[in-house]
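Colleague: What would the 3D arrangement of this be:
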Amino acid sequence: MTDTTATGRLPFALPRLGIGTAPLGGLFEEVGDADAAATLRAAAEAGISYFDTAPRYGHGLAEERLGRLLGPSGISDPVISTKTGWLLRPRPDGSPGEVITDWTERGIRESLESSLTRLGRSSVDILYLHDPDAFPDEIRRTAYPAVRKLREEGLIRAIGFGMNHSGPLASYVAEFEVDVVLIAGRFSLLDHEALGTLLPLCARTGTAVVVGGVFNTGLLADPSPGAMFNYRPVPAGTLERARRCRKLCEEYGVPLPAAAIQFPLLHGAVSSVVLGCRSASEVTANAAAARFPVPDELWQRLAEAGFVPEELLR
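Modeller: You can find the predicted model right below:
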């Protein structure tokens with residue numbers, strides 16, 4: 001697996017493997033500052049240089065940690081994506097308060113400027129419009145023109161949309177000139193939704209695709225009772241499917257996470273996979289899994305069992 005790829009409209013090479021920083025903002029459980037620093041040092045040691053973040057991750061904590069800890073980690077020239085469309089409103093005492101939507105030009109600019117302050121940067125590589133599923137009119141009138149202006153000003157290098165649902169995301173790609181999209185949880189060994197419309201459309205338009213959520217909230221990392229699937233307790237039938245997938249991988253001596261991480265990259269439109277990591281050990285394990293050899297015979301077996309669409313192997 002090559003380390004970087006350039007696709008279509010994206011004006012720079014995007015690393016094939018990146019770190020999603022929602023866990024560093026405290027998603028599901030708190031992460032201490034020492035563990036956050038160790039996570040980023042492990043990323044540097046593994047040669048990982050792409051980091052995806054957002055103001056909503058820990059009410060700015062993930063961005064602030066990236067800004068403070070990336071330099072000491074030894075990563076000198078990272079690729080950073082963050083998100084916009086939601087403003088943080090702290091309480092009078094300075095503690096985290098509410099998060100509000102704001103798709104106006106002023107709101108988009110305020111969001112980015114606040115992110116840049118937390119990140120300690122003058123620009124970012126990618127700015128994603130974050131979960132704009134229900135706001136097509138606002139995106140059309142103000143938000144998309146605002147991010148185009150930010151790109152013209154050099155505050156961002158690429159415009160993106162980041163969502164959990166491929167249908168609305170495909171609609172935005174069809175309507176606007178989009179450099180890159182981030183689709184989470186909808187292109188995995190257990191969920192092929194993005195293959196229906198989004199990925200073929202991105203292949204035609206030259207829109208780079210970043211895939212997140214390849215473990216479907218942990219199930220494909222460890223399919224055990226009590227695992228989460230798409231942020232909810234896993235249904236019994238889905239757990240059994242994940243276990244069948246693991247068994248097939250084990251027959252070829254391949255860890256299930258290795259197949260889960262490498263699966264999206266079978267599609268030519270996919271440029272990168274981002275993995276949420278909360279510890280140095282998770283970074284090290286995921287980096288090793290991303291490079292673990294997966295034989296063609298296993299991909300074929302997984303296709304026969306319905307975990308890999310046949311068209312990806314042609």
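
Colleague: show me what contacts residue 112?
Modeller: By C-beta atoms under 8 Å, 6 or more residues apart in numbering, the contact set of residue 112 is 82, 84, 124, 127, 150, 155, 156. From N, CA and C alone the C-beta is placed, and that goes for glycine too.

Colleague: Residue 310: neighbour count?
Modeller: 10 (other C-beta atoms under 10 Å).

Colleague: For it, which non-adjacent residue is spatially closest?
Modeller: residue 303 (5.1 Å; C-beta to C-beta, 6 or more residues apart in numbering).

Colleague: can you count the residues close to the one you found?
Modeller: 16.

Colleague: ok, of the contacts of residue 112, which one's closest to residue 20?
Modeller: Nearest to residue 20 among the contacts of residue 112: residue 82, at 11.7 Å, using C-beta to C-beta.

Colleague: Which SSE is immediately downstream of the helix or strand containing the closest one?
Modeller: Secondary structure from DSSP states H and E places residue 82 in strand 79-84. The first helix or strand that comes after strand 79-84 along the chain, using DSSP H and E, is strand 86-89.

Colleague: Out of the contacts of residue 112, which end up buried?
Modeller: 82, 84, 124, 127, 150, 155, 156 (16 or more other C-beta atoms under 10 Å).

Colleague: Just to check, residue 84 is in contact with residue 110?
Modeller: No - shown here, residue 84 and residue 110 do not form a contact pair, counting by C-beta atoms under 8 Å, at 9.1 Å.

Colleague: can you give me the strands for the stretch 151-300 of the chain?
Modeller: Assigned by DSSP state E, counting those that start in this stretch, the strands in the stretch 151-300 of the chain fall at 156-163, 180-184, 208-212, 228-229, 232-233, 270-276.

Colleague: And stretch 193-208, what's buried?
Modeller: 193, 194, 195, 197, 198, 199, 201, 202, 203, 207, 208.

Colleague: between these, which is nearest residue 167?
Modeller: residue 197 (6.8 Å).

Colleague: Next one: that closest one from residue 25, what distance?
Modeller: Counting by C-beta to C-beta, to the nearest Å, the gap from residue 197 to residue 25 is 31 Å.

Colleague: what's the answer for residue 263, then?
Modeller: 26 Å.

Colleague: so which of the strands of the stretch 151-300 of the chain comes closest to residue 41?
Modeller: Using C-beta to C-beta, the strands of the stretch 151-300 of the chain put strand 270-276 closest to residue 41, at 16.3 Å.

Colleague: Can you list the strands that the closest one pairs with?
Modeller: Taking DSSP bridges as the criterion, strand 270-276 sits next to strand 17-20 (parallel), strand 208-212 (parallel) in its sheet.

Colleague: Next SSE downstream of the first one?
Modeller: Okay, so that is strand 17-20. Downstream of strand 17-20 (by DSSP H and E), the next one is helix 33-45.

Colleague: Return the list of helices and strands in contact with the helix or strand that that following helix is followed by.
Modeller: Next along the chain after helix 33-45, taking DSSP H and E as the criterion, comes strand 50-52. Contact partners of strand 50-52 among helices and strands, from 3 or more C-beta pairs under 8 Å, 6 or more residues apart in numbering; DSSP states H and E: strand 17-20, strand 79-84, strand 270-276.
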